[in-house]
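Peer 1: Need coordinates for the following:
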Amino acid sequence: MRKKGFLIATSAGFAAAMPGAQAADMPIKAPRYLEPAAASWAGWYIGAHAGAVWQNTQTDTLGGVGGKSFPFSLGSTSASNTGFIGGGQIGYNWQRGNFVFGLEADISGLTSKTSAGLLFYETTTLESKIRWLSTVRTRFGLAVGDTMAYMTAGVAFGGVKNSINNFDDIPGANYSASKTKVGWTVGGGVEHMLNRNWTIGLEGLFVDLGKSTVTGGTKTTRFSNQAVIGRLKLNYKF
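Peer 2: Predicted structure coming up:
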């Protein structure tokens, strides 16, 4: 009887253990997590920017004998200065997968001004200032999650004032020319999406507004008008 009871108990134990053993051998399915939707950069945006501008000016000055005849070089100068830049921008982005293509236009005010003295004329100072700047650019970026790195290039417009200042107490000895110059710009940046509507970014641009000429008395000076810009941007995306 004891032997028969032992066999019955053992068989019952194996039978009770079998469902658990089978359940343990079954593969466990990992829970499904919904992947977050990819960040969308598409659409209109508007914003503001502020930063620093490094302006560089190179000049070549010619002098004349008996008016403007027989010109000869009075020397070349190179000057640079750092100032403030601030303004606003508006743009539109298209997105396909991780690639973003956009158009952006901006306008800024600048405070930079360069100044240098002529080599042979200690009382003559050459000054150049970019008063305002506007660019219209394309942007091509690669978005990874909430961050996008991009390259940008386009056309630049700027209000430039170039001056020849003679401190000889001679009436009418100072000359200047204010012009709207057209040039080009190229650069790049990184932009991060803070949330669905707000983005923040850092951008660097090189701007070349070409050359301009000022003639004063027997002196004619040719100015280059270039700037390097670094700025912080804050945008609201609609």
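Peer 1: so what's residue 125 bridging to?
Peer 2: Taking DSSP bridges as the rule, residue 125 bridges to residue 117, residue 165.
Peer 1: Please name the residues that touch it.
Peer 2: 115, 116, 117, 118, 163, 164, 165, 167 (Cβ atoms under 8 Å, 6 or more residues apart in numbering). Glycine gets a C-beta too; all of them are placed from N, C-alpha and C.
Peer 1: just residue 209 next, same as before
Peer 2: Residues near residue 209 by Cβ under 8 Å, 6+ apart: 130, 156, 158, 160, 181, 182, 183, 225, 226, 227.
Peer 1: Quickly find the element holding the spatially most central residue of the chain.
Peer 2: Centroid-nearest residue in the chain, with Cα atoms, centre = their mean: residue 203, separated by 2.5 Å. Following DSSP states H and E, one finds residue 203 within strand 198-216.
Peer 1: how much distance is there from that strand to the middle of the chain?
Peer 2: Centroid displacement of strand 198-216 relative to its chain, using Cα atoms, centre = their mean, to the nearest Å, is 11 Å.
Peer 1: Show me what secondary structure element comes after that strand.
Peer 2: Once strand 198-216 ends, the next helix or strand along the chain (criterion: DSSP H and E) is strand 219-237.
Peer 1: Can I get that following strand in CSV? Just the C-alpha atoms.
Peer 2: Provided in CSV are the C-alpha atoms of strand 219-237 (Å, rounded to 0.1, in the frame of the first residue of the first chain):
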residue,chain,number,x,y,z
LYS,A,219,42.7,110.5,-53.6
THR,A,220,40.7,107.5,-54.9
THR,A,221,40.2,104.6,-52.4
ARG,A,222,38.7,101.2,-53.2
PHE,A,223,37.2,99.4,-50.2
SER,A,224,36.3,95.7,-49.8
ASN,A,225,33.3,95.0,-47.6
GLN,A,226,33.4,91.6,-45.9
ALA,A,227,32.1,90.2,-42.6
VAL,A,228,32.0,87.1,-40.5
ILE,A,229,28.9,86.6,-38.4
GLY,A,230,28.1,84.3,-35.5
ARG,A,231,24.6,84.5,-34.0
LEU,A,232,22.1,82.8,-31.8
LYS,A,233,18.6,82.2,-33.3
LEU,A,234,15.2,81.6,-31.7
ASN,A,235,12.3,80.6,-33.9
TYR,A,236,8.6,79.9,-33.5
LYS,A,237,7.4,77.2,-35.8
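Peer 1: That strand: partners in the sheet, and parallel or antiparallel?
Peer 2: Applying DSSP bridges, one finds strand 219-237 paired with strand 43-63 (antiparallel), strand 198-216 (antiparallel).
Peer 1: would you list the contacts of residue 209 in CSV and tack on pLDDT and distance to residue 102?
Peer 2: Compiled in CSV, the contacts of residue 209 are given as follows (pLDDT from 0 to 100; distance: Cβ to Cβ, whole Å):
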residue, pLDDT, distance to residue 102
130, 96, 25
156, 98, 17
158, 97, 22
160, 96, 28
181, 97, 25
182, 98, 22
183, 98, 21
225, 95, 27
226, 96, 25
227, 97, 23
